[in-house]
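# sequence first, predicted coordinates after that:
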Amino acid sequence: MPHFKHPQILLASDLADGEVVFLGAAGWERDCRRARVALNAEEAAALEASGKRDVSDNRVVDVYLADVEIGRDGAPTPLHYREKMRVKGPSVRLDLGKQASGGAP
């Protein structure tokens, strides 16, 4: 069972284009604000199991849980630097990724 201290979301990289994705209610989302949030260890384990199935089906790679805080609007925001940067998109080419399309939260 995963260690549980904070609410968590599941991140991965889309196998087709390498974009960071977040497991949402209807599948993989590109916006972390639509990610499913695990509020306990059992929910986190279920998210992780779902992600591992998608790794086996060659949809995503590098699946892992990340700690988040829940904002007033109910949206998750990553707590750690690595995930904060992944949410924003590539940091060396501002003309690519989420920040280029205006999708970075």
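Sure thing, it's come through.

# can we go C-alpha only for contacts and neighbour counts from here?
Fine.

# next, F4: secondary structure please.
Of the three states, F4 takes coil under DSSP: H, G, I helix; E, B strand; the rest coil.

# which residue of the protein sits farthest from its center?
D95 (21.7 Å; CA atoms, centre = their mean).

# could you list the low-pLDDT ranges of this protein?
Scanning the chain for pLDDT under 70 picks out the ranges 1-3, 90-94, 96-99, 102-105.

# spatially nearest residue to P7, not counting backbone neighbours?
L39 (4.9 Å; CA to CA, 6 or more residues apart in numbering).

# that neighbour against K5, yeah?
No - taking contacts as CA atoms under 8 Å, L39 lies outside contact range of K5: 9.3 Å.

# the more surrounded of these two?
L39 (14 against 10; other CA atoms under 10 Å).

# got the contact list for that one?
6-8 (CA atoms under 8 Å, 6 or more residues apart in numbering).

# which stretches of the chain form helices?
For the chain, the helices defined by DSSP state H occupy 41-56, 81-88, 97-101.

# with distance to R30 as added columns, please give those in TSV.
Shown next, in TSV, are those (distance: least, CA to CA, whole Å):
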stretch	distance to R30
helix 41-56	15
helix 81-88	9
helix 97-101	8
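
# if we can go back for a sec, who wins for neighbours among the contacts of L39?
Q8 (28 neighbours).

# so how far is P76 from the nearest residue to that residue once chain neighbours are set aside?
Distances taken as CA to CA, 6+ apart place D67 nearest to Q8, at 4.5 Å, with adjacent residues excluded. Relative to P76, D67 is positioned 9 Å away (CA to CA, to the nearest Å).

# what touches both of the two?
I9.

# give the buried residues for stretch 49-65.
Across stretch 49-65, burial judged by 16 or more other CA atoms under 10 Å covers 51-52, 54-55, 59-61, 63-65.

# farthest-apart pair in those, please.
When CA to CA is used, the two most widely separated members of the buried residues of stretch 49-65 are R59 and L65, lying 16.9 Å apart.

# where is the longest strand in the chain?
Ordering each strand of the chain by length in residues (DSSP state E) puts strand 60-70 first.

# please consider this matter closed, and thank you.
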